[in-house]
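Q: Pasted the sequence and its predicted model underneath.
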Amino acid sequence: MKPFPFKRIVVVGTTSSGKSTLAKNLADIFRMDFIELDALHWKPNWIEMPHEIFRARVDEGMRAECWALAGNYGDVRDIIWPRAEAAIWLDYPLRTLLWQLTRRTLMRWWRNELLWGTNRENILRHFKFWSGESLYHWLFKTYWRRKREYPQLFSEPRYAHLTLFRLGSPREAEEWLAGFQEGQIN
């Protein structure tokens with residue numbers, strides 16, 4: 001396998017785009033630490049970690065030489081992006097994200113999957129689309145903002161050092177990842 005030229009990668013995208021899955025796959029393939037911001041952010045019973053502790057946990061997690069990090073938290077971007085070498089933006093169509101969010105939510109609920117701490121999916125909360133606790137509400141709240149925000153951020157001089165991979169569909173992401181597994185860098 002041809003070596004991956006980056007040691008520190010951040011994977012960003014809207015909720016349910018597959019950030020954690022892609023970052024975990026990259027970490028496994030290239031023997032990197034996997035850092036999931038949601039795991040550092042959420043305490044049991046869906047209580048948010050205090051800001052200072054969250055920042056300290058992110059900083060601690062990034063002390064490894066090689067890592068693949070999944071997440072969008074703007075309040076720790078100033079810690080993550082300057083240290084990252086590459087950014088992978090999962091920039092999928094809204095209909096794709098709606099499908100993935102629905103499938104993921106139902107599967108996590110059906111399997112009673114343990115997420116972070118003692119947290120599990122609460123299907124009723126997510127289907128209350130008007131509620132701030134709903135991931136559907138969050139998706140609609142952040143989708144267009146990220147479409148505007150990320151191109152601006154990636155064009156800023158302070159992030160010029162990042163190599164950007166903008167992937168427009170799950171299939172494109174799968175093919176991109178498969179290229180590394182086959183020894184090709186795309």
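A: Here it is on my side, so go on.

Q: where exactly do the strands run in this structure?
A: 8-13, 33-36, 42-43, 47-48, 67-70, 86-90, 163-167 (DSSP state E).

Q: which one of these is the most hemmed in?
A: Across the strands of the chain, averaging neighbours per residue (mean count of other Cβ atoms under 10 Å) puts strand 67-70 on top, at a mean of 27. All C-beta atoms are positioned from the backbone trio N, CA, C, and that covers glycine.

Q: So for stretch 58-71, what gets flagged as buried?
A: Buried residues in stretch 58-71, counted by 16 or more other Cβ atoms under 10 Å: V58, G61, M62, W67, A68, L69, A70, G71.

Q: Which positions within stretch 89-103 qualify as buried?
A: Here stretch 89-103 shows W89, L90, D91, Y92, T96, L97, L98, Q100, L101 as buried, counting by 16+ other Cβ under 10 Å.

Q: Give me the residues contacting that stretch.
A: 11-19, 22, 135-136, 139, 143, 147, 150, 154, 164-170, 173 (Cβ atoms under 8 Å, 6 or more residues apart in numbering).

Q: Give me the buried subset of these.
A: Buried, going by 16+ other Cβ under 10 Å: 11-19, 22, 135-136, 139, 143, 150, 154, 165, 167, 170, 173, out of the contacts of stretch 89-103.

Q: show me where this protein has helices.
A: Ranges of helices in the chain, per DSSP state H, are 19-30, 37-41, 51-61, 77-80, 94-111, 123-126, 135-155, 170-181.

Q: Would you mind putting those into TSV with distance to K7 and mean pLDDT alongside?
A: Formatted as TSV, the helices of the chain follow (distance: least, Cβ to Cβ, whole Å; pLDDT from 0 to 100):
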stretch	distance to K7	mean pLDDT
helix 19-30	9	93
helix 37-41	19	90
helix 51-61	14	96
helix 77-80	14	96
helix 94-111	29	81
helix 123-126	36	57
helix 135-155	20	91
helix 170-181	14	88
